[in-house]
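Asker: predicted model and sequence below, questions to follow.
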Amino acid sequence: MGRDILVDGYNVLKRGASFQALGVAHLPAARQALITQLASRYRHTPYQVIVVFDGDGVYEQVSHERRVRVIYSRRGETADSVIARLAAEARSAGREVELYSDDGEVQQAVSRQGGGVRTTGHLTTELNAAPRDVARRFRHRQAMQRRYGLDPSYDPDDEEFSRSPGGKRKKGSHRRR
């Protein structure tokens, strides 16, 4: 079973601090930043990522940028109604749906279709999180430091070696930082 990640584009841009910094004057840059972050976050997953924005064209505009499907609704149709339609289509095709939005109406529409609903805060946290392998290595190092009482400032490259009379290397004292 596949999974569709649906993102309420302008809702995320309005609520995310990193996107608010770009401001309304740089809306195209903010949209591109969101698409870039989504592509980076989901690039190694089998999920279909769809970000939907309110548009004003005669027809719905669809493009693909680095495995992210970008949809602009047509004039007179909201991004929320496009998201509700996409959720219904995905569920009827047997795919799971996960929505990122703070908009109550679109959350209810997706929930009625059996989809999962998460806030824009959850998405921002995921987009800003360290890659899973880096986070796993960090947690492992912390656990080993706690378990074995390792000194995180210790660097084995700071070890001083001296030669013993027999020519073998002998560990000397090491410097601490």
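Answerer: Alright, I've got the coordinates.
Asker: other SSEs contacting the one helix or strand residue 91 maps to?
Answerer: Assignment of secondary structure by DSSP states H and E places residue 91 within helix 79-92. Judged by 3 or more CB pairs under 8 Å, 6 or more residues apart in numbering; DSSP states H and E, the packing partners of helix 79-92 are strand 3-8, strand 48-57, strand 68-74, strand 96-100, helix 104-112. C-beta coordinates here come from the backbone N, C-alpha and C atoms, glycine included.
Asker: what's the angle from the last one to strand 3-8?
Answerer: Here helix 104-112 points in a direction 170 degrees away from that of strand 3-8 (axes from the mean of the first three to the mean of the last three CA atoms, to 10 degrees).
Asker: got the contact list for the helix holding residue 91?
Answerer: 4, 6, 8-10, 50, 52-55, 60, 71, 73, 96-97, 99, 101, 103, 105-106, 109-110, 113-115 (CB atoms under 8 Å, 6 or more residues apart in numbering).
Asker: rewinding a little: in TSV: the helices and strands packed on helix 79-92, plus distance to residue 133.
Answerer: What follows is the helices and strands packed on helix 79-92, written out as TSV (distance: least, CB to CB, whole Å):
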stretch	distance to residue 133
strand 3-8	20
strand 48-57	20
strand 68-74	22
strand 96-100	22
helix 104-112	31
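Asker: just put those in TSV and tack on mean pLDDT, mean neighbour count and distance to residue 128.
Answerer: Formatted as TSV, the helices and strands packed on helix 79-92 follow (pLDDT from 0 to 100; neighbours: other CB atoms under 10 Å; distance: least, CB to CB, whole Å):
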stretch	mean pLDDT	mean neighbour count	distance to residue 128
strand 3-8	92	23	15
strand 48-57	92	19	17
strand 68-74	94	20	17
strand 96-100	93	22	14
helix 104-112	90	17	22
